[in-house]
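S.K.: got a predicted model here, sequence first, then my questions.
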Amino acid sequence: MQMLNLKTLEEIECIRESALIVSKTLGMLAKEVKPGVTTLELDALAETFIRDHGAIPGFLGLYDFPNTLCMSPNAQVVHGIPNDTPLQEGDIISIDCGALKNDFYGDHAYTFAVGEISPEIQNLLKVTKDSLYEGIRAFKKNNRVGDVGYAIQQYCESYGYGVVRELVGHGIGRVMHEEPEMPNYGRRGRGKKFVDGMVVAIEPMINMGTHRIKHHKDGWTITTKDNLPSAHFEHNVALVQGKPELLSTFKYIHQALGIETDEEHEFKSQV
Ligand code: MG
Ligand code: MG
C-alpha cells in the first residue's frame, strides 16, 4: 500500500550523479543570468551543457514540456516556458532543471536575482531558501511527510509569506515524480513515515503575498493571484542512516556568485 519507492545505496548514487549534473548546470547558468539575456538563450546553454555531461534534459518532452528549463520570472511560480523576452535589472528568475542519466533523474531549482533587487525581494529569496533547509532538517527517521510541510509552512508564514498549496515536492528516482507527494504545508505527525532509502525532492514555492495562484492559458505557466513575486528552491535528498543527505548542491552557484556559506554542511554524506 505504501508507495515509498525505496532506493538501494547504488540507486542513490545514480540519483546523485544526475542531481550533480543539474547542480553544475545551475552553476554555469549563475554566471549568465543578467539583464538583457533571454530565458531561451539560457535554455539553449543548459541543454548543451547537460548533453555534454552525458545526460538528457529531464523536463524536455516530460508531459510534453517544450524546453530544458522551467523559467519562472517574478510573479511566475513554476513551470514557466522560456521565451525571447530579455531579463531586466531587478527581476528574479526561478530556474528549475532536470537531468536523466543511467535511468535516474535529478531535479532541482534556484531563484536568481537579476542584477540588483529590492531588499523586500532579497528577503523573500532568503526566507524561501532557509525554509528549504528547515524542511530538509525535518526529513529524518520516524518523522512523517507532514513534519516537513509543517516546518516549511511555519517558517514562511512567520514572515507573512504565502505557501503555495497546489504544487508540491515529490519522490524521485527512475520516474521524475514519484510517491510520496511532499507538500510545503502540513500537520506534524501526519502522512507517510520516513524510512531509509527514501529519496525526495523538497521544493518550497513561496509567495510574497497570497498563497493563491492562477493558471495561464498556455497550460503551463502559473503565477501568483496578486502578481506579487514568488520564489522557489529545490534540493534532492536521500534518507541514509536515519538522516537527510543532500544529493544536489548549490555550491557551484555559490562559487559562481562569490557567496561564502556553510549552509549545506549539516546535510553532507554521513558515510
Ligand atoms: Mg524541479
Ligand atoms: Mg521537483
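M.R.: Great, that's in hand. Ligands and ions are numbered 1, 2, ... in the order given.

S.K.: CA only for contacts and neighbour counts going forward, please
M.R.: Noted.

S.K.: how about the residue nearest to the spatial centre of the chain, nearest residue that isn't a chain neighbour?
M.R.: Nearest to the mean C-alpha position of the chain, counting by CA atoms, centre = their mean, stands residue 234 at 2.1 Å. Residue nearest to residue 234 in three dimensions, not counting chain neighbours: residue 203, with 4.1 Å by CA to CA, 6 or more residues apart in numbering.

S.K.: contacts only, for that neighbour.
M.R.: 108, 109, 132, 168, 169, 184, 232, 233, 234, 235 (CA atoms under 8 Å, 6 or more residues apart in numbering).

S.K.: which pLDDT value goes with it?
M.R.: Among the per-residue scores, residue 203 holds a pLDDT of 98.

S.K.: that one and residue 127, how far apart?
M.R.: 13 Å (CA to CA, to the nearest Å).

S.K.: same thing with residue 139?
M.R.: Counting by CA to CA, the gap from residue 139 to residue 127 is 19 Å.

S.K.: show me which of the two is the more surrounded one.
M.R.: Between residue 139 and residue 127, residue 139 has the larger neighbour count (other CA atoms under 10 Å), namely 30 against 20.

S.K.: secondary structure class for the more buried one?
M.R.: At residue 139 the chain is in coil, as set by DSSP: H, G, I helix; E, B strand; the rest coil.

S.K.: hang on, it packs against residue 148?
M.R.: Yes: the criterion here is CA atoms under 8 Å, and residue 139 meets it with residue 148 at 6.1 Å.

S.K.: returning to that earlier point: helices - which of the contacts of residue 203 land there?
M.R.: residue 132 (DSSP state H).

S.K.: neighbour-wise, which one of the contacts of residue 203 leads?
M.R.: residue 184 leads these on contacts (other CA under 10 Å) with 31 neighbours.

S.K.: low-confidence regions, the stretch 151-271 of the chain specifically.
M.R.: 270-271 (pLDDT under 70).

S.K.: strands of that one, residue ranges please.
M.R.: 162-163, 169-171, 178-182, 199-202, 205-207, 213-215, 222-224, 230-232, 235-240, 243-246 (DSSP state E, counting those that start in this stretch).
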